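*Asks:* Here is a sequence together with a model predicted from it:
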Amino acid sequence: MTKRKTGALACVLGDMDLVRPLGLAGVRCAVVGPPGGATAHSRFTERPIPWEGGCDEALVDRLLRFGAAQPDKPVLYMEEDAQLLMVSRHRDRLAAVFRFALADGDLVETLVDKSRFQALAERLDLPVPRTRRLRPLPGSEAPELDLRYPVIVKPLTRRPPWDEIEGLGKAIRLEGPEELRALWLRLIPVGIDLLAQELIPGPETRIESHHVYIDADGAVVGEFTGRKIRTYPVDFGHSTALTITDIDGEGADVAALGREIATRIGLTGVAKFDFKRDPQGRLHLLEINPRFNLWHHLGAVAGVNLPAIVHADLTGRPRPAPAKARPGACWCHISKDRLAARDSGVPTAHWLAWVARCEAKAITPDDPMPFLRPKLDRLFARFSGATRLPRLAKS
């Protein structure tokens with residue numbers, strides 16, 4: 001059930017996985033995105049803020065104008081690393097007209113940059129896989145690594161040049177030095193620094209995560225744990241299907257380690273701690289993302305709505321009552337998970353039945369247009385030459 005819309009606007013730099021949990025909690029949303037994009041057609045979007053891309057300074061200026069025009073300071077939400085860095089680097093200016101829950105600026109920079117994160121993890125003796133930095137400069141040769149093969153190679157930050165090497169994959173698996181030497185020739189023209197990291201054995205389903213909101217006083221206000229079901233590509237891909245785990249059962253050690261690390265690094269705000277469980281059951285820290293993300297849609301339908309808790313906290317409203325996320329609740333990206341399920345050998349009939357039961361997904365009976373409208377626009381444009389249908393009024 002959707003609550004009545006009240007209070008300050010949420011200004012969302014993100015997609016429906018962030019808009020929907022806010023809307024379900026009765027929070028009015030102003031959403032930054034391309035004209036005619038999926039979020040513009042959601043019944044939870046009260047104010048679309050058209051933005052087709054550009055430099056950070058231009059977007060910051062746009063946000064400042066929007067925020068200054070509101071009678072009550074909006075709460076700012078960001079879902080991607082680039083948005084997180086932009087808000088963090090301009091936090092002093094943006095704080096004049098927005099409220100936001102954000103980790104310390106230097107910590108944000110460190111957690112987003114994998115090389116800086118690795119240095120922090122080694123200094124604090126966090127349980128990360130052994131890692132070395134790679135610099136494939138023109139005329140250079142692949143180094144002899146003092147790591148145990150197989151290793152994975154991945155970029156320091158999520159940047160488009162990596163797509164030229166691996167497309168949709170987040171990393172490349174290498175079985176030995178000869179494969180690194182072969183890859184090196186492809187890496188040199190791309191011109192980005194990378195990391196080589198010892199591979200933790202096991203499939204992507206062994207990746208578990210702790211999701212938390214820690215207030216300015218350092219108190220854990222809300223949290224839940226989860227596990228990946230499928231990714232696309234199947235190995236080192238992006239999440240396409242997720243599930244909530246029992247924070248008092250199989251997820252207990254994940255939550256405990258996440259809380260411990262958060263305390264040790266002095267983190268406040270929202271964060272996701274990704275771990276991989278090895279065959280012996282040990283947890284290895286892969287990364288920390290100090291921002292909102294697609295998991296928060298799943299957490300909300302499972303009973304722990306972190307975006308809504310943050311909104312209540314920052315606007316002085318009562319926090320939702322403490323709750324435990326319901327184990328077994330699932331999220332999926334329908335179109336990409338169809339491919340992941342196919343490549344994982346899941347029969348189509350079984351997958352369709354699972355999708356029908358999946359609680360968090362793009363198409364929902366109470367708000368179908370973010371899923372349907374872009375598809376209708378493309379269909380209409382194909383047959384008529386028009387760009388898009390007129391925007392429907394919201395009830």
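*Replies:* Cool, the structure landed.

*Asks:* From here on, just use CA atoms for contacts and neighbour counts.
*Replies:* Noted.

*Asks:* count of neighbours near the nearest residue to residue 262 once chain neighbours are set aside?
*Replies:* If you skip the residues right next to it in sequence, residue 262 has residue 268 as its closest partner in space, 7.8 Å away by Cα to Cα, 6 or more residues apart in numbering. The number of residues packed near residue 268 is 22, by other Cα atoms under 10 Å.

*Asks:* separation between residue 268 and residue 19?
*Replies:* According to Cα to Cα, to the nearest Å, residue 268 stands 22 Å off from residue 19.

*Asks:* Repeat that for residue 208.
*Replies:* In this structure, residue 208 and residue 19 are 24 Å apart, going by Cα to Cα.

*Asks:* Check residue 263 too.
*Replies:* Remark: distance between residue 263 and residue 19 (Cα to Cα) = 29 Å.

*Asks:* Between those two, which has more neighbouring residues?
*Replies:* Neighbour count, other Cα under 10 Å: between residue 263 and residue 19, residue 19 has more, with 28 against 14.

*Asks:* The residue nearest to residue 262 against residue 215, yeah?
*Replies:* Yes: in terms of Cα atoms under 8 Å, residue 268 counts as a neighbour of residue 215; the distance is 5.9 Å.

*Asks:* Which parts of the protein are strands?
*Replies:* In chain order, the chain shows strands spanning 6-13, 27-33, 45-50, 75-78, 131-134, 151-155, 172-174, 194-198, 207-214, 220-232, 238-245, 269-277, 283-289, 330-332, with DSSP state E as the criterion.

*Asks:* so of those, which one's packed in deepest?
*Replies:* Taking mean count of other Cα atoms under 10 Å as the contact definition, the stretch among the strands of the chain with the greatest mean neighbour count is strand 330-332, which reaches a mean of 27.

*Asks:* mean confidence for that one?
*Replies:* Average pLDDT, strand 330-332: 99.

*Asks:* any chance of the strands of the chain in a markdown table, plus distance to residue 105?
*Replies:* Below are the strands of the chain laid out as a markdown table (distance: least, Cα to Cα, whole Å):
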| stretch | distance to residue 105 |
| --- | --- |
| strand 6-13 | 19 |
| strand 27-33 | 23 |
| strand 45-50 | 26 |
| strand 75-78 | 15 |
| strand 131-134 | 23 |
| strand 151-155 | 22 |
| strand 172-174 | 30 |
| strand 194-198 | 23 |
| strand 207-214 | 16 |
| strand 220-232 | 20 |
| strand 238-245 | 27 |
| strand 269-277 | 12 |
| strand 283-289 | 13 |
| strand 330-332 | 31 |
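
*Asks:* which stretch in those has the least confidence?
*Replies:* The stretch with the lowest mean pLDDT among the strands of the chain is strand 6-13, at a mean of 92.

*Asks:* Show me what that one is in contact with.
*Replies:* Judged by Cα atoms under 8 Å, 6 or more residues apart in numbering, the contacts made with strand 6-13 from elsewhere in the structure are 18-19, 22, 26-33, 72-79, 83, 311, 315.

*Asks:* related to what we said a few turns ago, would you tell me which of the strands of the chain gets closest to residue 379?
*Replies:* Within these, the stretch nearest residue 379 is strand 27-33; the backing value is 21.2 Å (Cα to Cα).

*Asks:* for residue 153, what are its contacts?
*Replies:* For residue 153, the contacting residues are 171, 172, 173, 174, 194, 195, 196, 197, taking Cα under 8 Å, 6+ apart as the criterion.

*Asks:* Against residue 381, how distant is the nearest residue to it once chain neighbours are set aside?
*Replies:* If you skip the residues right next to it in sequence, residue 153 has residue 196 as its closest partner in space, 4.5 Å away by Cα to Cα, 6+ apart. Residue 196 is 46 Å from residue 381, where distance means Cα to Cα.

*Asks:* and if you look at residue 79?
*Replies:* According to Cα to Cα, residue 79 stands 30 Å off from residue 381.

*Asks:* And for residue 84?
*Replies:* Per Cα to Cα, residue 84 is found 35 Å from residue 381.

*Asks:* So between those two, which is more surrounded?
*Replies:* For the pair residue 84 and residue 381, the greater number of neighbours falls to residue 84 (21 against 14), based on other Cα under 10 Å.

*Asks:* That one reaches residue 78, doesn't it?
*Replies:* Yes: contact status for residue 84 versus residue 78: in contact at 5.8 Å, counting by Cα under 8 Å.

*Asks:* what touches both of those two?
*Replies:* Both residue 84 and residue 78 are contacted by residue 291, under the criterion Cα under 8 Å, 6+ apart.

*Asks:* what ranges do the helices span in the protein?
*Replies:* Ranges of helices within the chain are 16-24, 56-68, 81-89, 91-94, 105-112, 114-123, 163-166, 177-187, 252-265, 295-301, 306-315, 334-343, 348-357, 369-384, based on DSSP state H.

*Asks:* In a markdown table: these, plus distance to residue 224.
*Replies:* Converted to a markdown table, the helices of the chain look like this (distance: least, Cα to Cα, whole Å):
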| stretch | distance to residue 224 |
| --- | --- |
| helix 16-24 | 15 |
| helix 56-68 | 31 |
| helix 81-89 | 21 |
| helix 91-94 | 28 |
| helix 105-112 | 21 |
| helix 114-123 | 23 |
| helix 163-166 | 32 |
| helix 177-187 | 38 |
| helix 252-265 | 8 |
| helix 295-301 | 7 |
| helix 306-315 | 9 |
| helix 334-343 | 23 |
| helix 348-357 | 21 |
| helix 369-384 | 27 |
